[in-house]
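**Q** sequence and predicted structure are below.
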Amino acid sequence: MVYSVDVVTSSALSAQTLSQLHERINTWFLAHARDLPWRAADRTGWQVMVSEFMLQQTPVVRVLPVFEAWMDRWPTAADLASVDSGEAVRAWGRLGYPRRALRLHAAAQAIVERHGGEVPQHYDELLALPGVGSYTAAAISVFAFGKRATVIDTNIRRVHARLISGKALPNKSLNAAETRLAEELMPADLETSVVWNAATMELGALICTAKSPKCEACPVQDMCAWVAAGKPEADYVPTGQSWYGTDRQLRGAMMAVLRAAVAPIPYQILKQAGRVDIAIPEELVPAVKKLAALNPEPEQIERCYTGLLKDGLAHEADGFVTL
DNA sequence: AATACGTGGGG
DNA sequence: TCCCCAAGTAT
């Protein structure tokens, strides 16, 4: 642990304003927080970890059912670690970004090997796990174990951008200034800081949303720099995620075929993007039709197919492919 | 720093 | 209907 000799440097906010922010947002959270399974009083580190992986870029409502099924099947890290990664990818279903399932599986194995099967509590240990970045490491240590860490996700960044910086949106990427601001806003008191992390994130998710924020319901509207400035537009236009015709779309269609399969399938089905003369197993027909409809170029098919193998999302043996 | 990486619900 | 994007990570 490195102890900085820096004293908390001059902030644009007075100590009084800061504590008022903490008080208002934390109080709002206690009254309005969603009742989510990974927030239950008896939650485990593993539950929090699984939820954080699933919530990376995926909305809560879609995570809920998959999370419940996942925990029923693999209530501990050791349970997941004991099965093949393909089982994890299949159970991941349509949450998207299936490599997260692979990384969660690898993280579970690392937890068994390095931490005796118990999800580690400290930021650095968590950060060393596959699929765990700065956000997830902080989130698990705070939400599961009540540690003091600065959680910075897209919701929190947006709340800070508006409330403190008076901007509609945070920077395109997390920078030193944003990180520094987030740390300055952190309550010194441990208990308060734990709630603050969750509360600020929840405020961003429910009230201070990206589009159509519900300012009339915001507990700190009268303290918001963005509101005070007349809610100016963002100084940049977020670049949309292209989709049609991309490798991601094709990979997704290939993965859908593999998930639908109940047994290894002839690799031609994927390598010819569904345009095959051989018989297609009944359960694969809908997914194969969607794949064929993309009508991809041979070069793209090859790139995506080998990419899935390379990523470990698909496995080929004796002319057959499986998860 | 910019880009790749899935998916489906809501406006 | 079509576009946007939701608790990020790895390279």
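**A** Nice, I can see it.

**Q** contact residues of chain A facing DNA strand B?
**A** Contact residues, chain A versus DNA strand B (C-beta under 7 Å from any atom of the strand): A:57-59, A:61-62, A:94-99, A:172-173, A:175, A:211-212, A:239, A:241, A:243, A:246-248, A:251-253, A:255-256, A:307, A:313. The way it works is simple: take the backbone N, C-alpha and C, and place the C-beta from them, glycine included.

**Q** quick check: which element contains A:Thr17?
**A** For A:Thr17, the element it lies in under DSSP states H and E is helix A:15-32.

**Q** domain ranges for chain A?
**A** A:15-34+A:149-228, A:44-143, A:247-322 (automatic domain parsing).

**Q** among those, show me which one is buried the most.
**A** domain A:44-143 (a mean of 19; mean count of other C-beta atoms under 10 Å).

**Q** average pLDDT across it?
**A** Domain A:44-143 shows a mean pLDDT of 98 in the predicted model.

**Q** first-to-last residue distance for it?
**A** 10 Å (C-alpha to C-alpha, to the nearest Å).

**Q** farthest residue from the center of chain A?
**A** A:Asp277 (40.1 Å; C-alpha atoms, centre = their mean).

**Q** where does that one land on pLDDT?
**A** So A:Asp277 comes in at 85 (pLDDT).

**Q** next one: it from A:Pro286, what distance?
**A** 19 Å (C-beta to C-beta, to the nearest Å).

**Q** quick check: the residue farthest from the centre of chain A vs DNA strand B, distance?
**A** Separation of A:Asp277 from DNA strand B (C-beta to the nearest atom of the strand, to the nearest Å): 25 Å.

**Q** ok, that residue - contacts?
**A** Listed by C-beta atoms under 8 Å, 6 or more residues apart in numbering, the contact set of A:Asp277 is empty.

**Q** so it lies in a strand, does it not?
**A** No: secondary structure of A:Asp277, determined by DSSP: H, G, I helix; E, B strand; the rest coil: coil, with no strand assignment.

**Q** how about the closest residue to A:Ala253 other than its chain neighbours, what does it touch?
**A** The shortest distance from A:Ala253 to any non-neighbouring residue, by C-beta to C-beta, 6 or more residues apart in numbering, is to A:Leu291 (4.3 Å). A:Leu291 makes contacts with A:Leu250, A:Ala253, A:Met254, A:Ala256, A:Val257, A:Leu270, A:Ala273, A:Gly274, as judged by C-beta under 8 Å, 6+ apart.
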